[in-house]
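Q: Generate coordinates for the sequence data below:
(chains A, B, C, D and E)
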Amino acid sequence: MINITINNKVIQVEEGTTIFEAAKQHGVLIPHFCYMENVHQIGSCRICVVEVEGGKTLMASCVTEVKEGMIVHTNSERVRDVRKVIYELMLSDHPKECLSCWRNQNCELQDLGNLIQISEFRYEGAKSKDIIDTSSPSIVRDSSKCILCRRCVTVCNDIQGVGLMNPHHRGFSTFIGPSEDELLGESVCTNCVQCVLVCPVGALKEKDSTAIVWEALYDKTKTIVVQTAPAVRAALGEVFGYEPGMLVTGKMASALHELGFNYVFDTNFAADLTIMEEGSEFLGRVKNAITAPGKNDVLPMITSCSPGWIKFIEHRYPDQLSNLSSCKSPHMMLGALTKTYFAEKMNIDPANIYVVSVMPCTAKKFEITRPEMFNNGLADVDAVITTRELGRMIKDAGIDFRNLPDGEFDSPLGLSSGAADIFGTTGGVMEAALRTVYELVTGRELPANNLHITPLEGLDRIKTAELKIENPLPEFSFLAEVTVKVAVTSGLLGAAELLNEIKKGTSPYHFIEIMGCPGGCISGGGQPRPVNDAIRTKRLEAIYREDEGKLLRKSHENQDIMMLYHDFLGVPLGHKSHELLHTVYTRRSKN
Amino acid sequence: MTTSYQLKRADFIFKYENDWEKILSKCISRTPQELINELISSELKGRGGAGFPTGLKWKLAAEVVDATKYVICNADEGEPGTFKDREILSMVPYKVLTGMAVCGYVIGAKEGYIYLRGEYFFLQPELNKAIREFEYYCKGINLDFTIRIFMGSGAYICGEETALFESMEGKRGEPRNKPPFPSSYGYMGKPTVINNVETLAHTYTIFKYGAKRFYDLGVQYSRGSKLFSVSGDTPKPGIYELELGMSLADFVDEFGDGDTKAVQVGGASGFLVPRKRFDETAIGFQGKLTGISLPTGGSMMLFNSSRSMFNVLDNYLEFFREESCGQCTPCRVGCQQLLMGIKAVKRGEKNAKYLDKLLRLTETMKLTAKCGLGQSVANSFSSIVENFREEMIY
Amino acid sequence: MVKKIKISINGIFVEVEDGTTILDAARKAGVIIPTLCFHKDLCIAGNCRVCVVEVAGQKRLAAACATPCEEEMEIFTNSLNVLHSRKQIIELLLSEHNADCTSCFKNGNCELQKLASDYKILKQDFIRLVPFKNYTIDKYSPSIIKDDSKCIRCQRCVRTCAELQGVNALTVAYKGDLMKITTFFEKPMNDVVCSTCGQCINHCPTGALVERNYIEKVWDAISDKTKHVVVQTAPAVRVGLGEELGLGQGVRVTGKMVAALKRLGFDAVMDTDFTADLTIMEEGTELLMRLKAVLVDHDPAVKLPMATSCSPGWIKYIEHLFPDYLDHLSTCKSPQQMFGALAKTYYAKARNLDPETIVSVSIMPCTAKKFEAARPEMHDSGYRDVDYVLTTRELAIMIKQAGIDFMKLDDMHFDRLMGESTGAAVIFGATGGVMEAALRTVYELVTGRDVPFENLNITPVRGMDGVKEASIKIENPLKEWAFLDGVELKCAVAHGLVNAKKVMDSIISGQANYHFIEFMACPGGCLGGGGQPIPTSPEIRLKRAKAIYAEDEGMPLRKSHQNPEIIKIYKDFLGKPLSEKSHHLLHTQYTARKRY
Amino acid sequence: MITKDEVCSVHTSTQKEKFDLLGNVIIDYDRKESNLIQILHMAQAIFGYVPADVQYFIADQMELSISKVNSVLTFYSFFSTQPKGKYTVSICLGTACYVRGGKEVLNKLKSVLGIDVGATTEDKIFSLSVMRCIGACGLAPAMTINNKVYKQVNPNKIPRILGMLK
Amino acid sequence: MNPVTDLIKSLADQHGRSRHNLLPILQGVVEQEKYLSEYSMIEIARELDLPASEVYGTATFYSFLEYKKMGRYIIRICKTITCSMKGKNQVLLAIQDMLKIGVGETTPDGTFSLLQTNCLGFCHKAPAMLVNNEVFTDLTPEKVREILRMYMNKKKEGGSYDN
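A: Numbering: from 1, shown residues only, chains lettered A, B, ... in the order given. Below you'll find the predicted structure:
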């Protein structure tokens, strides 16, 4: 512990703490801009400068570590003046049309103005780059609004390992993005859109799909079906001023009904279905690997729910595509079923069904455009909107969200088990799969604390667990005494690590869950801002609360799933399943 | 039932009648209900342009129970291209005054006002003389009814009835929210009947010759005759009384200069009809006559092919921009945007697609503006832009 | 019994009273309709058209705020027509609005900004009108800045000025594209009848009307090591400040506020409440003197009723509109100015400071105080008595700028000498409070007994009625006040200048025969002041009032004359109420002003 | 280890050979990201400039994203993504040259060559670039063509100087 | 005492002192004074017990209630399309040429002010103009010069305010 003085107050902090952190711990907030906890600390914006006695220049508090006896002033006249100038300089190269910016009122640069209080612009600068790239199905990049804070660079390179967002050129002509002639839509971008999540201004945004959804809603000839992903319910409340971690499942269902959707289904239903299919696929692969080692069945098997992750592996590890489970992601499954099973059941022409998915994810916007995701010329899912976009639609419609009564999902694609809920968080798919697989194999419940596999929970980057199978049912006797090794990672940097192991042949695992976004879907690119570890934890806890509150906690217990197999699909991995619920992957260029 | 769409001249309004004392006495010897029925069966509609059934208007006001009610004659004739009311007031004022007095008798009002636009200040002395004579007679037959002239001061919007009330109350002439409507809440918050000068003059005809005489003129939905103010590229500008329902083609045959490209029906807030639609357009209120039917306050402006429709629209929009009261957003900002928008397109600063955006804007103005001014800007704008789009573009 | 009618909104059936507007009915049905020109405090204008809705069977859209419901009306607040039109209207508003949010004082608390963000107007196709207009920014008033380029002409300020305050400094002029909100002959706000009360700021949805801010000046003073910066805080600030810093409405933050001020670097943090107690001593004595002069000496030069003079907005108002009645005003300065005068005399002496080096800052719920501090009369200490006046909102900004984590602050106490106060001073912040405080002291001075109300709470003068009346019969007074025996002391309380006008009119017409009247310029008193957090509404003001009265009840001392520091200042410095020194430092005179 | 001199001596090789050579260079440098700048130098030496397909090749071989390579490349003014002409005309815009009319010379160059700074004429003869002080302030305004320095140039001299080279 | 004060008093006596008498009083002052000065607006406000700002707001709404000093004869030439079509611009140029003032200006001797206005209701006799309250129609440059000359002579003869 060392002693320093901040604003005339002596405090004790741990060595290695930055001035910024030290101040925060003791109730002094320093205005900051490019700084992002645990993500981005490079001190490029210089807004967080402070005066350190004895220092000639002001120091960026987010990167300067405390030293014994340091005397810091966070709000001296010099500091305030400098901050003003820096802020004005930032604005001089920023379009001042706040009211027609989509980030209006959710913009950190705007908020900073509130804090710094300038009343006129002294600098009227030249405007640098003005590229608007709308080629991607998920992201729109408007570089005229970019203020070069480089948070997206950090996220894209150091957290996701995609390395697409980078600064180019230098000085005043610097711009951030893919290289000059490269379009996002034709690049290696995984559409995970973590960059949009961290962008403080309106330079990066998700592609808006609300307009086409409104259009569909006003089209009375269509049956409009909506489905909501597990992670949406744990975050949507934040848009309406609830604390992070508030579950709004019921209100969300009511709001969707009120918006005019004819059927409100739950992606969770398809999550349960995924477990049935993927679990069976896994058992098949393991069986072949153990009983017929020569056969071409690849282990470890890797989950395929996260479309960002899928695009990543297609670009970067095309040789490992066979490790992927062939299951479509849950919302694609639900879309496919809606236009077949449901359409048959309700006697509706599938061409008149319009399926909208509400997702925490922007990569899903890309996923629905994949040619594999069409059945008889009909898209499985017609539009994807993010949690943020749904919030906006509810606001647009003037629905008083906070005072809504709790509603319910519609049958027959609305019932789900707790296992489906946890799909929303990292480790959830694995846990759900193991709950079912273990019980299928042994006939006994998973021997874990309240069905939770603790090592797989939490926000660590790579989590592993082992599960020894004892006394399996006769048909699974080949698994006796086998220790199933599993790994879970979220964020594409962790994925690359695990993939490199597989590539080298050193991977010890049988089954791996990979999610494109750090923390899983709860902090997907389409979730409300801000996202940090504290908020991730709260959403994660909410998801587990939802799970524990469910009557059914295992996918195979879901009666509607049973009915679906009975009435329509036959058995897991059956012919119909293969046609509707499974897919193939494409090798893509590395760059 | 008359089904003719031909141009037929009529002569009622300006016909010299020296029997107004007799008509007035006759009217007040009948019950108000009879008079209302007479009016209703004549199917007389407001001649200011909006075409609200006059009989119904009187009826609604008569039904409201209130000790104080008002009759107001709207002589704030500000619509570009309209000049008939001035002529009525200077030629046959007693017809209007009689109409007002009868209305007062019917609804139970003792005070009448003529809201005369500031530009017609010169009418005042003669009109006052007529009023004094008229009031003297009323006293003689024990009809308690007084008429005052209220001078406007140069604001087009005051022709809107609620704005007119505000103006008479000494305020800025800003239209009120409707409902409540004038028949229950008008001048000074009291039930008020407000009629156009010509409408009141027509009531005289109806009360004198009976409803049928009036009803037999014109066509279905559009009964009676109407004064038309003809101006622009015409060899015979002036005021003409014609039966309603004629086709525009007939009208142009009669009044055009042989090269008529378009006719603006109903002044700046009306519609512009291009030559190719003359045949299918009839002049009258709602209901299918031939193809399109256009209501009008009587303004007919003819344009021949030497005229630039851009200039016409530019002139109208400038008019609206200045004469909007400025209180509601769609009208205040919308008019400015329309004017600057067409100029920008004409100069090539905006591409032709911008006209579509402006058309959409007029749609919004039509739907949301607080009063008729903002709502009717769409009429001339869309009819000109749609029919003469090529003239709007750089 | 009001007739009930049934309507449906977006398919939801609701039963409402006849005459309810669509907007209110929708709120009842849980449907939000956006508004802009609508404000709960004001009459309905229906001119922004943002709240338009579709009514089945009607060709045009109806303004929800101005259209009453009718039986079996079918309303759609959200149809394609409505959405498109609403968006376009917002777009139109934006096209004539100076959208430099980042340099706008209202950034983050602007209704237009919120509307634009809710409806995501992303493409600004319309021609920007701002550069074509010759907008003026009126910066001459010491209290209010009016920036026409940010005005959206909702006329809320005009209605506020006319309906709530009866001042009519602001008006609508011209028509069409030239239509604008302005003053008589477009004079600067400082040159017209404006009372500087700041209610227009509280009701402006955008940044067109904001207070003149002195934040930089105060920072400069704090940074200047040669200056001794003294700060005082008005009673109403402590129940408003929390709202700006993310706490709820009506939360008392006295202790945290003091701690924050100390963190900001003020050298002494003291309390206007101290001089509120002092005001009671001076004003109460003045009232008794006036009663004596009128009742006993029949002196025609002395006027009753006596009117309070704490509210500078009210003072400027009466100076403008009733210049013949200035004699009725108490000669007491407002507590802020008393504090200022004492800070540079009494405090300077006690702390052994050169008054030249003292910078006196006050935190007020009020914008009129900025004007008051700048009045030429307010130099009785030999220097400008109060150097800078900040509103509650400005203080909140300073706290944010300094990066003070307000929620985490520990409560602290005001500094001594002029920091002690009683519950009587606290209630100065609410309408009726000055009256109640005065009565508590005057009654006890005259009779030696507590004022005859339960727990000292004089409930008739509390609450949000525009004009409140109370009377107290004086029985068995002390010997020196024998002439008051049996006198029924008649008091009135008015808040909001439109109510003040009512009382003044009744005095002029001779209908009223009060002895003592409290006037406050702002609705609800100081807690609804023009410098308080935005938004404001009757409910919010009630919550703040509740907090004020709770603070009063929690105080150990609740009568001004019990305040030990008051006793001390009379002993050490002033002598007695209305002494020569008091007259010099604590009293003032008024100026008749023009009527427009 | 392949040296720069070796690289420079392969002017005549085919495109494939050039890529092979670059591949070897990258292996030489252990595919390490920290050696990226060295590799780019070599690439420029081999190809004369670093066009998009070379960047792709480097990114691919080094397991880097193309964006990262481009990011580094565009930071340094030495690297060029455009083919350089036979002659690189550089005008000095350091202070001394600037005040003595360097800017006017530059404008003249632009108009004569019909290209902007950083570009190459269509016939691939001239490239135009700008420098910040070449240490010839006494000769201001100074211009270099390849390695030759021209002193005290003025706009009128330009056509003649260029004409001589053509 | 300022003569305007007397005028306002007598107008108020004549019309009444309620809000709805404001417009006739304003018109009365304009008729005499040709415009509403700051002083007269304050006096009217005082007389009617209205806020001065409201008097100002109302006056500026109406185009005939001038609030800037105007000449003795106010020329208002119609600028609506029908008059424009019939040669209003030439007429306007003729006036400007003769009086050496632009639209919105007043001659230095205070005789004429030139304004444009919206439709005067004489479209069939376009172009039209008002001089104070008198209407002139079917204007041509020659005709308008003659009219102006007439007014100039009137002024020389020391004619009264009304025409």
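Q: Looking at chain B, which residue is nearest chain C?
A: Nearest residue of chain B to chain C (C-beta to the nearest C-beta) works out as B:Gly326 at 2.6 Å. Any C-beta I mention is one placed from the backbone N, CA and C, and that applies to glycine too.
Q: dump the residue contacts of that residue.
A: B:332, C:153, C:172, C:174-179 (C-beta atoms under 8 Å, 6 or more residues apart in numbering or on different chains).
Q: nearest spatial neighbour of it, skipping sequence neighbours?
A: C:Met179 (2.6 Å; C-beta to C-beta, 6 or more residues apart in numbering or on different chains).
Q: mind checking the SS state of the closest residue to A:Val39 other than its chain neighbours?
A: Closest residue in space to A:Val39, ignoring its immediate chain neighbours: A:Thr154 at 6.0 Å, by C-beta to C-beta, 6+ apart. A:Thr154 falls in the helix class when you classify it by DSSP: H, G, I helix; E, B strand; the rest coil.
Q: The residue of chain D found nearest chain E: neighbour count?
A: The minimum distance from chain D to chain E, using C-beta to the nearest C-beta, falls at D:Asn107 (44.2 Å). D:Asn107 sits with 14 neighbouring residues when counted by other C-beta atoms under 10 Å in any protein chain shown.
Q: distance between stretch B:372-390 and the chain's centre?
A: Its chain's C-alpha centre and that of stretch B:372-390 lie 18 Å apart, by C-alpha atoms, centre = their mean, to the nearest Å.
Q: And stretch C:403-419, by the same measure?
A: So, by C-alpha atoms, centre = their mean, the centroid of stretch C:403-419 is 23 Å from its chain's centroid.
Q: That stretch near chain A at all?
A: Yes: contact of stretch C:403-419 with chain A (C-beta under 8 Å from any C-beta of the partner chain) involves C:403-405, C:408-409.
Q: now the residue of chain D closest to chain E, nearest residue through space, not along the chain?
A: Using C-beta to C-beta, 6+ apart and skipping residues adjacent in sequence, the residue nearest D:Asn107 is D:Pro155, 7.5 Å away.
Q: closest to A:Cys146 among the contacts of B:Gly326?
A: Nearest to A:Cys146 among the contacts of B:Gly326 is C:Arg153, at 34.9 Å by C-beta to C-beta.
Q: Now do the same contact list for the closest one.
A: With C-beta under 8 Å, 6+ apart, C:Arg153 has these contacts: B:326-327, B:329, B:332, C:47, C:172, C:179-181.
Q: cutoff 10 Å now
A: Residues near C:Arg153 by C-beta atoms under 10 Å, 6 or more residues apart in numbering or on different chains: B:326-329, B:332-333, C:37, C:47-48, C:93, C:96, C:172, C:179-181, C:208.
Q: show me where pLDDT drops low in the chain?
A: Picked chain A for this. A:120-129, A:294-296, A:591 (pLDDT under 70).
Q: please go with chain E instead
A: Judged by pLDDT under 70, the stretches of chain E that qualify are E:1, E:156-163.
Q: and the residue of it nearest chain D?
A: Nearest residue of chain E to chain D: E:Gly102, at 44.2 Å (C-beta to the nearest C-beta).
Q: Find the residue closest to that residue in space, skipping its chain neighbours.
A: E:Gln96 (6.2 Å).
Q: which residue ranges form the strands in the stretch 251-394 of chain B?
A: B:260-265, B:271-274, B:281-283, B:292-294, B:299-304 (DSSP state E, counting those that start in this stretch).
Q: cool, the stretch 251-400 of chain C as well?
A: Applying DSSP E, counting those that start in this stretch to the stretch 251-400 of chain C gives strands spanning C:268-271, C:306-307, C:358-364, C:388-391.
Q: Would you format those as CSV with distance to chain D and mean neighbour count included?
A: Below are these laid out as CSV (distance: least, C-beta to the nearest C-beta, whole Å; neighbours: other C-beta atoms under 10 Å in any protein chain shown):
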stretch, distance to chain D, mean neighbour count
strand C:268-271, 53, 26
strand C:306-307, 73, 26
strand C:358-364, 47, 27
strand C:388-391, 47, 28
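Q: And the ones you listed: which comes nearest chain B?
A: Using C-beta to the nearest C-beta, the strands of the stretch 251-400 of chain C put strand C:388-391 closest to chain B, at 30.0 Å.
Q: Mind listing what's buried along the helix or strand hosting the residue nearest to E:Gly102?
A: Secondary structure from DSSP states H and E places E:Gln96 in helix E:88-99. For helix E:88-99, a neighbour-count test (16 or more other C-beta atoms under 10 Å in any protein chain shown) marks E:88, E:91-92, E:94-95, E:99 as buried.
Q: Lovely, talk soon.
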